[in-house]
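1. got a predicted structure here, sequence first:
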Amino acid sequence: KAGVTQTPRYLIKTRGQQVTLSCSPISGHRSVSWYQQTPGQGLQFLFEYFSETQRNKGNFPGRFSGRQFSNSRSEMNVSTLELGDSALYLCASSLKLGTGRGYTFGSGTRLTVV
Amino acid sequence: ELKVEQNPLFLSMQEGKNYTIYCNYSTTSDRLYWYRQDPGKSLESLFVLLSNGAVKQEGRLMASLDTKARLSTLHITAAVHDLSATYFCAVDVANTGNQFYFGTGTSLTVIP
């Protein structure tokens, strides 16, 4: 059974650019959540999608956005990149909406903004 | 503001020794999760604790939850080098729209 797949694994971008990260959940999982991990702030919730609808959003600026497609795959977009956006972005999927019995996390996308 | 605090932040221990990692949280929750993260890798689910008094064990690790004290512990028995990793607890709080609040993480190094 395939796990949560995130692409790309590594990304280097310049300040001011935008970036799109992709996440394919475990087959059958309909909920996808995104987390940002940095050394300073730790793991922080970005947003959760279920059935193509954003159900919850963390405390991040509007430059961070996302969407979910009908096949449950999700993308997140960060516009006007700042140095502070450098982080490991983790996608997590679960069968149903909500944390319930927990998430399965993907391997993450390491974003470096220079 | 909800806070999830772990201590210690860093732990260096010798193989064969026992130790406990503590996770305190500042609001009511009946659900707590433990994850392990190896350097440069993703988060691996270790335990899901869904009620007060829950205790789960897997190999040399045992996790427990006391919702009244708002405390979870991760006990390591007879540590081995393979347990070296960062351990995170996460709390799921009702009425916050389904999200984890993660602890600060405990970086564990087991010395042969």
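-> Right, received. Where do you want to start?
2. quick one, what contacts residue A:114?
-> A:12-15, A:83 (C-beta atoms under 8 Å, 6 or more residues apart in numbering or on different chains). To be clear about C-beta, it is placed using only N, CA and C from the backbone, and glycine gets the same treatment.
3. which one among those gets closest to residue A:71?
-> residue A:13 (26.6 Å; C-beta to C-beta).
4. are the helix or strand hosting residue A:90 and chain B in contact anywhere?
-> Following DSSP states H and E, the helix or strand that holds residue A:90 is strand A:87-94. Yes - shown here: strand A:87-94 in contact with chain B (C-beta under 8 Å from any C-beta of the partner chain) through A:90, A:92.
5. ok, and the most crowded of the contacts of residue A:114?
-> Per-residue neighbour counts (other C-beta atoms under 10 Å in any protein chain shown) across the contacts of residue A:114 peak at residue A:13, which has 16 neighbours.
6. could you pull up phi and psi at that residue?
-> The phi/psi pair for residue A:13 (degrees, to the nearest 10) reads phi -130, psi 160.
7. next one: it from chain B, what distance?
-> To chain B, residue A:13 is 19 Å away according to C-beta to the nearest C-beta, to the nearest Å.
8. you'd agree that residue is up against residue A:79?
-> No - applying C-beta atoms under 8 Å as the test, residue A:13 and residue A:79 come out as separate, 11.0 Å apart.
9. doesn't residue A:84 lie inside a helix?
-> Yes - under DSSP: H, G, I helix; E, B strand; the rest coil, residue A:84 sits within a helix.
10. burial measure for it, as a count.
-> 10.
11. do the same with residue A:69
-> 12.
12. that one: what's it in contact with?
-> A:52, A:75.
13. list the contacts of the strand holding residue A:90.
-> Residues from elsewhere that reach strand A:87-94 (C-beta under 8 Å, 6+ apart): A:4, A:6, A:21, A:23, A:25-26, A:29, A:31-38, A:43, A:46, A:72, A:74, A:76, A:100-106, A:108-111, B:42-43.
14. 7 Å - rerun?
-> Residues outside strand A:87-94 that contact it (C-beta atoms under 7 Å, 6 or more residues apart in numbering or on different chains) are A:4, A:6, A:21, A:23, A:25-26, A:29, A:31-38, A:74, A:76, A:100, A:103-106, A:108-111, B:42-43.
15. just checking: what are the partner strands of it?
-> Sheet pairing of strand A:87-94 (DSSP bridges) gives strand A:31-38 (antiparallel), strand A:104-105 (antiparallel), strand A:109-113 (antiparallel).
16. which parts of chain B are strands?
-> Using DSSP state E, the strands assigned to chain B run over residues B:4-7, B:10-14, B:19-25, B:31-37, B:43-49, B:55-58, B:61-66, B:71-76, B:85-92, B:100-102, B:106-111.
17. host element of the nearest residue to residue A:59 once chain neighbours are set aside?
-> Once flanking residues are discounted, residue A:59 sits nearest to residue A:44: 7.8 Å by C-beta to C-beta, 6 or more residues apart in numbering or on different chains. In this assignment (DSSP H and E), residue A:44 forms part of strand A:42-50.
18. need the next SSE after that strand, C-terminal direction.
-> Once the chain leaves strand A:42-50, the next helix or strand it forms, by DSSP H and E, is strand A:53-57.
19. okay, buried residues for that next one please.
-> A:55-57 (16 or more other C-beta atoms under 10 Å in any protein chain shown).
20. what's near enough to touch residue 106?
-> By default, I'm working from chain A. Taking C-beta under 7 Å, 6+ apart, we find residue A:106 in contact with A:3-6, A:23, A:90-91, B:42.
21. could you do chain B instead?
-> Going by C-beta under 7 Å, 6+ apart, residue B:106 touches B:6, B:8-9, B:11, B:21, B:86-87.
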